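**Student:** Model the structure of this input:
(2 chains)
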2 protein chains.
Amino acid sequence: MKIIFLGTGGSIPTPSRSLSAIAIKRGRELLLFDCGENTQCQMTRAGLSSMKLDAIFITHLHGDHFLGLAGLVQTMSLMDRERKLEVYCPRGEGERIERYLQIPRYTLTFDVAVRELEPGEELGRGGYRIRTCEVDHSVPAIAYALIEDERPGKFYPEKAVDLGIKPGPDFSRLKSGESIKLRDGRVVNPEQVVGPPRLGRKIVYAGDTRPCESVIKLSRGADVLIHDCTLADELLEKARDSKHSTPSEAAEVAKRANVRQLVLVHISPRYEEDAVLLEEARRVFPNTVVAHDLMDLEVAFKE
Amino acid sequence: MKIIFLGTGGSIPTPSRSLSAIAIKRGRELLLFDCGENTQCQMTRAGLSSMKLDAIFITHLHGDHFLGLAGLVQTMSLMDRERKLEVYCPRGEGERIERYLQIPRYTLTFDVAVRELEPGEELGRGGYRIRTCEVDHSVPAIAYALIEDERPGKFYPEKAVDLGIKPGPDFSRLKSGESIKLRDGRVVNPEQVVGPPRLGRKIVYAGDTRPCESVIKLSRGADVLIHDCTLADELLEKARDSKHSTPSEAAEVAKRANVRQLVLVHISPRYEEDAVLLEEARRVFPNTVVAHDLMDLEVAFKE
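**Tutor:** Numbers count the residues shown, from 1 in each chain, chains lettered A, B, ... in the order given. The predicted structure follows:
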């Protein structure tokens, strides 16, 4: 599973940081989290085809988080997309997105299915689920967690052979969770030759938010937490007023949630260099990076 | 007067061509013609402050010509703009733009005055006027001409001296169009010492269109005609269907309108090189250039 940071700037774009958009490639699926202005061009730069997009998850309706959607939709129509596109957004914002998509004078060649998600709702998808939580921002906003299903435990063929089982159909049955009965009457259960289920991977994108308990809870044990880091610690007051986070606040969330890695995004245009932000965060949570546009991050399984 | 080409791509942005947006700087005024997605970032790249924008003229409501507007408006609000922004659009499209600007969850700090212009309407502004005409596109669309007022004719001091006038207040009165009476009773009229009024400059931006008579009429004698050139001549059929123009069609318009210079824009993403487009146009109208992003063009007076 790979995360591609398409836009890492906060509020106002700069030549080096485009507006919020994060792509996740998981197998054949391509998901987008937020879709700020210019996302379609950033996708081209990253070598991602919008035609392969399955679903878009919008955290909130500040312009810098969704105003690339209509342009992206127009482009897919010009390319004759037929497959439905799913767009998810916080409770109460669906009608606003639908109205927005009706503004340009284009003819859509495919359906855009806009669906609101309640804070705390879980959306089952093939092999993973999307869980949301409310965040602490100035407008209705949610964070998203992509949580993979558990994978079956590791199969130990040598243990099976020791128990007198021959490689073949019996191996497959044990791997898939069935017990088997041997000729001598003994029964072998899967637990004897298969390890415990293994956790899937978990990625959390908090969107714009003050540090908050709900994000800590949602992020518990995540492989990657992508968190708002609009302003440096010295501008804490301004971060409070605008409902954003500073590096050490984001790092504290990561630490308390016991995540593997923290990635800082939504960097204010005032920071041409990210050294200060990084230093402030690493003091609290060492495994931190500041994302930059078009950076990608391979998320490996824990073992 | 300077034209800055912010976005020269057609329909779909590429890393080298952003979507339609053309800035014109005239004295202290900054005008924008079309405002495709990513215009605010292109303005930053060009060193133009959105805070100095006076008015935006939208040719039509295909997404690639106006979907940068809401983001630009959000950014100006984040920067506490207070001055009213004027937005002009074709007849019947004003309400759609107003609805669009109400979608994002921002708090605007200034008024956006949206006004529709009739095809053929003329809008007087200080020192110049904006004239529109209907074009031939698939949705309601207009072209814009920026036409400077005539400047007073050139004053010839040597002629005045020959007529016995001394430098000083009488020179000023003659320059400003007054007649003066000399001590010997002779009357000197301004026409005796001032040349004929001099034409101002004229720039026409046609937007998306098939070649058409109304644009030829609007462009008569223009210093610069900026014309749609989406597809090469070999794709004439496709240009016809999508209501765009080819290089030789745009060049024919320039030739018939007797303009000084033709600038081709709205280049399809399929053309990474513009040599073919340029060659096709120059065969018909030699003084042609293909615009590229961030190119600027100083428009000098004719004399």
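
**Student:** Neighbours of the nearest residue to residue A:173 once chain neighbours are set aside, how many?
**Tutor:** Leaving aside its chain neighbours, residue A:173 sits nearest to residue A:180 (5.5 Å; criterion: C-beta to C-beta, 6 or more residues apart in numbering or on different chains). From N, CA and C alone the C-beta is placed, and that goes for glycine too. For residue A:180, the neighbour count with other C-beta atoms under 10 Å in any protein chain shown is 18.

**Student:** Could I get the contacting residues of the residue lying farthest from the centre of chain A?
**Tutor:** Ranked by distance from the centre of chain A (C-alpha atoms, centre = their mean), the top residue is residue A:184, with 50.8 Å. Contacts for residue A:184 (C-beta atoms under 8 Å, 6 or more residues apart in numbering or on different chains) come out as residue A:164.

**Student:** what's the neighbour count on residue A:24?
**Tutor:** 22.

**Student:** For it, give me its contacts.
**Tutor:** A:1, A:2, A:3, A:4, A:30, A:31, A:32, A:33, A:146, A:203.

**Student:** go again using 7 Å as the cut-off
**Tutor:** Taking C-beta atoms under 7 Å, 6 or more residues apart in numbering or on different chains, we find residue A:24 in contact with A:1, A:3, A:31, A:33, A:146, A:203.

**Student:** and the two most separated of those residues?
**Tutor:** A:1 and A:33 (13.2 Å; C-beta to C-beta).

**Student:** between these two, which one's more packed in?
**Tutor:** residue A:33 (26 against 20).

**Student:** residues in contact with that one?
**Tutor:** A:22, A:24, A:57, A:144, A:205.

**Student:** cutoff 6 Å now
**Tutor:** A:22, A:57, A:205 (C-beta atoms under 6 Å, 6 or more residues apart in numbering or on different chains).

**Student:** Phi and psi next, for it.
**Tutor:** Backbone torsions of residue A:33, given as degrees, to the nearest 10, read phi -110, psi 110.

**Student:** any idea of the pLDDT on it?
**Tutor:** With respect to pLDDT, residue A:33 scores 98.

**Student:** With residue A:181 instead?
**Tutor:** Note on residue A:181: pLDDT of 91.

**Student:** what's around it, how many residues?
**Tutor:** Other residues near residue A:181 number 10, with proximity taken as other C-beta under 10 Å.

**Student:** repeat for residue A:64
**Tutor:** 28.

**Student:** where's it, which helix or strand?
**Tutor:** helix A:63-66 (DSSP states H and E).

**Student:** And that helix, what's buried?
**Tutor:** A:63, A:64, A:65, A:66 (16 or more other C-beta atoms under 10 Å in any protein chain shown).

**Student:** Repeat that for stretch A:197-211.
**Tutor:** Quick answer for stretch A:197-211 (16+ other C-beta under 10 Å): A:199-211.

**Student:** Can it be said to contact chain B?
**Tutor:** No: against chain B, stretch A:197-211 shows no contacts by C-beta under 6 Å from any C-beta of the partner chain, the least distance being 11.1 Å.

**Student:** got the buried residues for stretch A:180-194?
**Tutor:** A:180, A:188, A:190, A:193, A:194.

**Student:** hang on, the earlier thing: what's the farthest-apart pair in the buried residues of helix A:63-66?
**Tutor:** A:64 and A:66 (8.2 Å).

**Student:** in stretch A:120-134, what's buried?
**Tutor:** Result for stretch A:120-134 [16+ other C-beta under 10 Å]: buried residues A:123, A:128, A:129, A:130, A:131, A:132, A:133, A:134.

**Student:** Could you list which of those belong to strands?
**Tutor:** A:123, A:128, A:129, A:130, A:131, A:132, A:133, A:134 (DSSP state E).

**Student:** Pick the one among these closest to chain B.
**Tutor:** residue A:134 (15.6 Å; C-beta to the nearest C-beta).

**Student:** what about the nearest residue to the closest one once chain neighbours are set aside, distance to chain B?
**Tutor:** Leaving aside its sequence neighbours, residue A:134 sits nearest to residue A:119 (C-beta to C-beta, 6+ apart; 3.6 Å). As judged by C-beta to the nearest C-beta, to the nearest Å, residue A:119 and chain B stand 17 Å apart.

**Student:** contacting residues around residue A:119?
**Tutor:** A:132, A:133, A:134, A:142.

**Student:** element containing residue A:259?
**Tutor:** Here residue A:259 sits in a region with no helix or strand, counting by DSSP H and E.

**Student:** Quickly list what residue A:145 is bridged to.
**Tutor:** Beta-bridge partners recorded for residue A:145 (DSSP bridges): residue A:131, residue A:204.

**Student:** ok, now how distant is it from residue A:135?
**Tutor:** Separation of residue A:145 from residue A:135 (C-beta to C-beta, to the nearest Å) stands at 12 Å.

**Student:** Likewise for residue A:61?
**Tutor:** Distance from residue A:61 to residue A:135, by C-beta to C-beta: 14 Å.

**Student:** residues in the stretch 51-200 of chain A within reach of chain B, list them.
**Tutor:** Proximity of the stretch 51-200 of chain A to chain B (C-beta under 6 Å from any C-beta) is limited to residues A:61-63, A:67, A:70-71, A:74-75, A:78, A:96, A:100, A:103-105, A:139.

**Student:** Skipping its backbone neighbours, what lies nearest residue A:146 in space?
**Tutor:** Nearest non-adjacent residue to residue A:146 (C-beta to C-beta, 6+ apart): residue A:203, at 4.7 Å.

**Student:** I meant residue A:78, not that one.
**Tutor:** residue B:11 (5.8 Å).

**Student:** Is that neighbour in a helix, a strand, or coil?
**Tutor:** coil (DSSP: H, G, I helix; E, B strand; the rest coil).

**Student:** thinking it is in contact with residue B:62, fair?
**Tutor:** No: under the criterion of C-beta atoms under 6 Å, residue B:11 makes no contact with residue B:62, lying 7.8 Å away.
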